[in-house]
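Trainee: pasted the sequence and its predicted model underneath.
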Amino acid sequence: MRKIWIAAVILTVMLMGSGCAKEALEEDIAEVEEENKAELWTEEDEQELYNLYVQINNEMIGQVGDAIGEYFYHVEYQEEFSVLDDAYTCFLVSDSFFGNLDRAEELLERKEEHLEVDKAYLALSPVARELGEALNEIYEYTDEKTFLEDDFVKGKELHKKFFAYCTEYETLGTTFVEELQELADKRREENLAKIKEDGYEISAALIQMIATAQEIQEEILKQGIEEDAKLLELDTEALKPLCDRYREEIATVNAYLKDSEALEKEGLPTSSVSYKTFQEEAKNSLKELDAIFENVAQQKQPSTYEANNQFTIEGTLTGFYSKVSRMVDDYNQIIK
């Protein structure tokens, strides 16, 4: 189970919506006759559905993945219920996750021709919902510490139900994120080409920088390095050109973000808290890469604590992935 919410960080893609794309979309919508708007599947609907897929994916690797990880940090990952320590707990899955599942299903009911990603989502959605609800039942049970009164009787029942969804969720979730990645790559290339053509230099630089960070993640996985336990097997020489390019792109973006006039011209906010956190996460992701290279060079295996700590620089894949994920979250906030 651990693999899906480490590898799936690659799928944390941008909400595709530049100023130029938005203007074109508004013109297209204006051409649709008023009486047919409710019946036709529009570009606006397709955009909303794509953005929902991105949000659902982000929540899968974020709050849902965190809840699963927290639970199995305290409970043995096996069919038989076995508590590992006294801190038996998990995290709550928020209403936003279930709301996004509902809205995506509503849109798909109106969409006549389903893409492969749509089919993958429809297969995943009911399982993701059941798994999320099971996690919330566990959260309520552990938060109220009812297990101290019933000697884990209900905990065993909840574990049996929850564990039954885990394998199916991982299989269907992997298919969904793979299909989403393929679609995201295509949309990103098209969007980047359009943005460059229209002269949106800052927007293009932001997207290219994030794309390079994701290329680094892809290269790591192509080498078969799926977890920090295999970190020292990483071929850093193969990774170095991408990392050098990433470093240069971060410097370019940082310079652009100081130009308020250019930001305003492209329809981007001239000031935003997200800029600061975006730049901080980008800087820390570079530090994480440098530390990874150092660990590999010295053949120093990070400790279990370091591998699971997302908030310090320890030279771990987990740390790099989490910083890139939060950087993309900040980007999404900026372009909203």
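Mentor: Thanks, I have it.

Trainee: need the phi and psi values for T270.
Mentor: phi -80, psi -20 (degrees, to the nearest 10).

Trainee: how many neighbours does it have?
Mentor: Counted with other C-beta atoms under 10 Å, the neighbours of T270 add up to 12. Any C-beta I mention is one placed from the backbone N, CA and C, and that applies to glycine too.

Trainee: likewise for Q217?
Mentor: Look at Q217: counted by other C-beta under 10 Å, it has 22 neighbours.

Trainee: tell me the pLDDT of it.
Mentor: You'll see Q217 listed with a pLDDT of 91.

Trainee: the helix or strand containing it packs against which elements?
Mentor: Using DSSP states H and E, the element containing Q217 is helix 201-222. Helix 201-222 sits against helix 153-197, helix 236-256, helix 260-265, helix 273-298, helix 317-335, with contacts defined as 3 or more C-beta pairs under 8 Å, 6 or more residues apart in numbering; DSSP states H and E.

Trainee: give the buried residues for the shortest one.
Mentor: Spelled out, that is helix 260-265. For helix 260-265, burial by neighbour count (16 or more other C-beta atoms under 10 Å) applies to L263.

Trainee: and the contacts of that helix?
Mentor: Outside of helix 260-265, the residues within contact range by C-beta atoms under 8 Å, 6 or more residues apart in numbering are E201, I202, Y256, L257, P269, T270, S271.

Trainee: most neighbours of all those, which one?
Mentor: L257 (22 neighbours).

Trainee: leaving out chain neighbours, which residue sits closest to it?
Mentor: Of all residues not flanking L257 in the chain, Y275 sits nearest, at 5.6 Å (C-beta to C-beta, 6 or more residues apart in numbering).

Trainee: so how far is T89 from the one you found?
Mentor: 35 Å (C-beta to C-beta, to the nearest Å).

Trainee: residues in contact with T146?
Mentor: Counting by C-beta under 8 Å, 6+ apart, T146 makes contact with K154.

Trainee: try 10 Å
Mentor: E140, F152, V153, K154, G155 (C-beta atoms under 10 Å, 6 or more residues apart in numbering).

Trainee: give me phi/psi at the first one?
Mentor: In other words, E140. Here E140 shows phi and psi, under degrees, to the nearest 10, equal to phi -60, psi -40.

Trainee: so who does it touch?
Mentor: Counting by C-beta under 10 Å, 6+ apart, E140 makes contact with C90, L92, T146, L158.

Trainee: which of those sits closest to V296?
Mentor: Distance to V296, by C-beta to C-beta, is smallest for C90 among the contacts of E140, at 33.6 Å.

Trainee: let's verify the closest one: helix, strand, or coil?
Mentor: coil (DSSP: H, G, I helix; E, B strand; the rest coil).

Trainee: I'd say it and Q63 touch.
Mentor: No. Counting by C-beta atoms under 10 Å, C90 sits too far from Q63 to count as a contact (11.1 Å).

Trainee: more crowded one of these two?
Mentor: Between C90 and Q63, C90 has the larger neighbour count (other C-beta under 10 Å), namely 27 against 18.

Trainee: list the contacts for the more buried one?
Mentor: Going by C-beta under 10 Å, 6+ apart, C90 touches 66-75, 134-143, 158, 162.

Trainee: coming back round to it: what's the overlap in contacts for C90 and Q63?
Mentor: In contact with both C90 and Q63: L135, using C-beta under 10 Å, 6+ apart.

Trainee: picking that back up, turn the contacts of E140 into CSV, columns for distance to S322.
Mentor: As requested, the contacts of E140 are exported to CSV (distance: C-beta to C-beta, whole Å):
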residue, distance to S322
C90, 19
L92, 20
T146, 32
L158, 28
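
Trainee: which of those residues lies closest to E227?
Mentor: C90 (21.1 Å).

Trainee: residues near the residue nearest to that closest one when sequence neighbours are not counted, how many?
Mentor: Distance criterion C-beta to C-beta, 6+ apart; nearest residue to C90, sequence neighbours excluded, is Y71 at 3.8 Å. As a burial measure, Y71 scores 25 neighbours (other C-beta under 10 Å).
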